[in-house]
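In: how would this look folded up:
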Amino acid sequence: MKKIRPIEILLIQILIYVLIWMANDYLGSMLSLIFASIFFCILIISLLAELVEPSKVPKWYYMFMIMSVIAPVIVSAVMLLLKGQPEWLQQ
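Out: Reported below is the predicted structural model:
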């Protein structure tokens, strides 16, 4: 089986977030905010734990976590630039 490269993971995540944003901008914005925050906190905790006691965590784990933080931020920024203010904030 072929290994998935980090850029492919990023593109898959971006596609999923874009589909969610297109279907429902409220759900997309909330999921983007929540998932980016959760993945960022997990990444920081993992990096701090790695500094305290080095482990054999593979490099791809950190790449996946970084991509999981970047993807919702990119989609949120692009969707806000293209669509402007979300509909749920205009009401």
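
In: Which of the residues in stretch 80-91 are classified as buried?
Out: Pro86 (16 or more other C-beta atoms under 10 Å). Placement of C-beta: from N, CA and C, glycine included.

In: how far does it sit from the chain's center?
Out: The chain centre lies 20 Å from the centre of stretch 80-91; the measure is C-alpha atoms, centre = their mean, to the nearest Å.

In: and Asn8, which of the three is it?
Out: If you look again at residue 8, you'll see it is Glu, not Asn. Taking DSSP: H, G, I helix; E, B strand; the rest coil as the rule, one finds Glu8 in the helix state.

In: What is the least confident helix or strand in the protein?
Out: Across the helices and strands of the chain, mean confidence by mean pLDDT, DSSP states H and E is lowest for helix 87-90: a mean of 75.

In: Not counting its own residues, what contacts that helix?
Out: Asp25, Tyr26, Ser29 (C-beta atoms under 8 Å, 6 or more residues apart in numbering).

In: mind redoing it with 7 Å?
Out: Asp25, Tyr26 (C-beta atoms under 7 Å, 6 or more residues apart in numbering).

In: what's the answer for stretch 10-21, then?
Out: By C-beta under 7 Å, 6+ apart, stretch 10-21 touches Leu27, Gly28, Leu31, Ser32, Met67, Ser68, Ile70, Ala71, Pro72, Ile74, Val75, Met79.

In: Return the member of these nearest to Ile38.
Out: The shortest approach to Ile38 among those belongs to Ser68, at 8.8 Å (C-beta to C-beta).

In: Could you say which helix or strand holds that closest one?
Out: Assigned by DSSP states H and E, Ser68 falls within helix 59-83.

In: tell me which residues of that helix are tucked away?
Out: Result for helix 59-83 [16+ other C-beta under 10 Å]: buried residues Phe64, Met65, Met67, Ser68, Val69, Ile70, Ala71, Pro72, Ile74, Val75, Ser76, Met79.
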